[in-house]
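J.: Here's a sequence, model it:
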Amino acid sequence: MSRSRVPVILGATAVTGIGYYLYSAGGNTKVAQKQAEADAHKLSAKFKGEIPGRSKEYEKDAEKYAAQAGAKVDSAVGKTQAELQKAKIEAEAYAKDAKASTLKKIDQFDNKVEAEAAKAKSGVSSWFGGK
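T.: So this is what the prediction gives:
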């Protein structure tokens, strides 16, 4: 039951337009047709005349928005590069600390092994009469 009203509205608009041109032409269909064509031509010329002016405005707006977008992209790239550089420095510092810690542990282990080896050597030497 819910049909679209668009066809009825379009039909009523067309009938009203035709009635207007017939009334203003005094009932002469040829004159009404010529007036309708003239009005259509004026409207078309006006629309075409505005398009070049608007296209220049649209081009300027597009350039402005493109520049803004480019600036935002450049800013984001700069921030990302700064963060990557910071992360790189932190990773290098962590690696340096880890290396130093590992070398310290290795040195401690070597010292312990050497001390134990010296004890063992002195113990074995004492069996054979050495100092």
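
J.: all contacts plus neighbour counts: C-alpha atoms, from now on.
T.: Fine.

J.: Report how many residues lie close to Q33.
T.: Q33 has 15 neighbours, counted by other C-alpha atoms under 10 Å.

J.: can you tell me which residues contact it?
T.: Contacts for Q33 (C-alpha atoms under 8 Å, 6 or more residues apart in numbering) come out as Y21.

J.: Grab the most central residue of the chain for me.
T.: V73 (7.8 Å; C-alpha atoms, centre = their mean).

J.: Tell me which helix or strand it sits in.
T.: Using DSSP states H and E, V73 sits within helix 29-127.

J.: neighbours around P7, how many?
T.: Look at P7: counted by other C-alpha under 10 Å, it has 10 neighbours.

J.: OK, contacts around it?
T.: Here P7 is in contact with no residues (criterion: C-alpha under 8 Å, 6+ apart).

J.: Would you mind listing the buried residues in the host helix or strand of it?
T.: Using DSSP H and E, P7 sits within helix 6-24. For helix 6-24, a neighbour-count test (16 or more other C-alpha atoms under 10 Å) marks Y21, L22 as buried.

J.: tell me the mean pLDDT for that helix?
T.: For helix 6-24, the mean per-residue pLDDT is 87.

J.: ok now that helix, how far from the chain's centre?
T.: 49 Å (C-alpha atoms, centre = their mean, to the nearest Å).

J.: Let me know the pLDDT of D110.
T.: 92.

J.: cool, I51 as well?
T.: For I51, the model assigns a pLDDT of 69.

J.: rewinding a little: angle of the helix holding V73 against helix 6-24?
T.: Here helix 29-127 runs at an angle of 140 degrees relative to helix 6-24 (axes from the mean of the first three to the mean of the last three C-alpha atoms, to 10 degrees).

J.: what residue ranges in the chain are flagged as low confidence?
T.: 1-2, 50-53, 123-131 (pLDDT under 70).

J.: picking that back up, centre of the chain to the helix holding V73, how far?
T.: The answer for helix 29-127 is 11 Å, by C-alpha atoms, centre = their mean.

J.: returning to that earlier point: Provide a list of residues in contact with the residue nearest to the centre of the chain.
T.: V73 neighbours (C-alpha under 8 Å, 6+ apart): none.
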